[in-house]
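> coordinates only, no sequence provided:
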């Protein structure tokens with residue numbers, strides 16, 4: 001396997017990890033104002049992600065850093081072209097993170113309600129923008145011969161991009177509901193599971209629309225390998241199986257299958273692009289791929305050695321944090337950390 005292909009796969013894995021982990025993280029933020037009936041319950045909801053949310057965001061930072069180092073032209077074209085969208089994403093993440101930290105600085109109900117809705121807005125907007133961005137990467141964006149993005153923010157807000165954004169919100173909300181059903185005590189867990197059963201049909205319809213649209217708005221059937229066509233279909237099948245377990249009151253398996261669905265959706269996006277990294281809708285010759293966008297062989301070799309040493313350490317540490325904080329969070333004021 002050549003190093004260009006290896007790093008394309010590694011960047012894909014980093015985004016898969018981010019979407020899976022931050023997916024239920026965003027979902028918890030989206031659902032928190034509606035699931036928590038009082039301040040104690042809302043604090044319990046926040047505490048389920050309290051030890052993890054900042055660690056989950058490291059996956060996005062690492063993915064961006066890996067893109068910059070391994071594929072600098074991809075990084076330059078994407079981050080400059082998508083600048084307004086990424087700026088809004090940064091604002092959403094900052095708003096959400098500040099809200100998580102500031103919420104308990106004052107016991108005033110108005111103060112806490114303000115930051116509760118800030119968590120909701122930040123989580124919702126971040127999910128929408130991430131889904132929209134990746135849908136556009138699969139669809140293709142206008143690039144000139146110098147690999148410069150020639151569109152605007154409104155170019156990204158096309159029907160397929162917005163369907164991708166809504167799909168991300170729907171999938172993340174379902175994942176968040178299932179995560180809460182596993183991480184909170186009664187009656188919050190039962191309420192989260194019931195909400196998941198209400199959300200699932202809506203999520204299934206939205207994702208079915210995205211699946212059908214993918215065959216019309218992307219070149220999946222004409223460009224990608226035949227096996228790649230199965231990936232978005234398998235993503236939808238995983239969602240259907242998650243629904244089966246959800247309605248059988250098996251939230252653990254439903255959560256796992258929802259995670260598989262999200263992971264396969266990201267893999268499908270990368271497989272549609274491969275070997276391209278940014279598809280030019282202006283002229284196919286203007287597209288960036290894993291070779292013309294890549295760093296030199298020596299850079300990729302050094303990065304591979306560093307990744308081989310440190311990635312397992314990071315994975316082990318993050319796995320350890322989830323193991324340490326594996327117990328359910330009870331909505332009892334005297335047991336919660338504010």
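Nice, thanks for sending it over. This is a predicted model, so every value here is computed, not measured.
> other SSEs contacting the longest helix anywhere in the chain?
Longest among the helix segments of the chain by residue count, using DSSP state H, is helix 3-35. The helices and strands touching helix 3-35, judged by 3 or more C-beta pairs under 8 Å, 6 or more residues apart in numbering; DSSP states H and E, are helix 39-49, helix 53-70, helix 109-139, helix 159-183, helix 188-217, helix 251-273, helix 297-324. All C-beta spots, glycine's among them, are computed from the backbone N, C-alpha and C.
> roughly how far apart are residue 24 and residue 83?
28 Å (C-beta to C-beta, to the nearest Å).
> neighbour count: these two, which is higher?
Under the neighbour definition other C-beta atoms under 10 Å, residue 24 and residue 83 were set side by side, and residue 24 has more, 29 against 12.
> wouldn't that one be in contact with residue 178 here?
Yes - counting by C-beta atoms under 8 Å, residue 24 sits close enough to residue 178 to count as a contact (7.4 Å).
> need the overlap of contacts for the two.
Residues within reach of residue 24 and of residue 178 at once, by C-beta atoms under 8 Å, 6 or more residues apart in numbering, are residue 255.
> contact partners for the nearest residue to residue 21 once chain neighbours are set aside?
Across the structure, with C-beta to C-beta, 6 or more residues apart in numbering as the measure, the residue nearest residue 21 apart from its sequence neighbours is residue 56 (4.1 Å). When contacts are counted by C-beta under 8 Å, 6+ apart, residue 56 is found next to 18, 21, 22, 25.
> rerun at 6 Å
Taking C-beta atoms under 6 Å, 6 or more residues apart in numbering as the definition of contact, the neighbours of residue 56 are 21, 22, 25.
> and which of those residues is nearest residue 155?
Within the contacts of residue 56, the smallest distance to residue 155 is 25.5 Å, found for residue 22 (C-beta to C-beta).
> what's around the closest one, how many residues?
Per other C-beta under 10 Å, the neighbour tally for residue 22 reads 26.
> again with residue 291
Here the number of neighbours of residue 291 (other C-beta under 10 Å) works out to 12.
> surely it is within a strand?
No - Residue 291: not assigned to a strand; according to DSSP: H, G, I helix; E, B strand; the rest coil it is coil.
> so how far is residue 39 from it?
Separation of residue 291 from residue 39 (C-beta to C-beta): 55 Å.
> same deal with residue 80?
With distances taken as C-beta to C-beta, residue 80 is found 43 Å from residue 39.
> looking at the two, which is more packed in?
Regarding residue 80 and residue 39, a neighbour count based on other C-beta under 10 Å identifies residue 39 as having more, with 19 against 12.
> excluding chain neighbours, what is closest to the more buried one?
Here the residue nearest residue 39, using C-beta to C-beta, 6+ apart, is residue 112, at 6.1 Å.
> distance check, the one you found against residue 289.
Distance from residue 112 to residue 289, counting by C-beta to C-beta: 49 Å.
> check residue 323 too.
40 Å.
> for these two, indicate the residue with more neighbours.
When residue 323 and residue 289 are compared on other C-beta under 10 Å, the one with more neighbours turns out to be residue 289, at 19 against 8.
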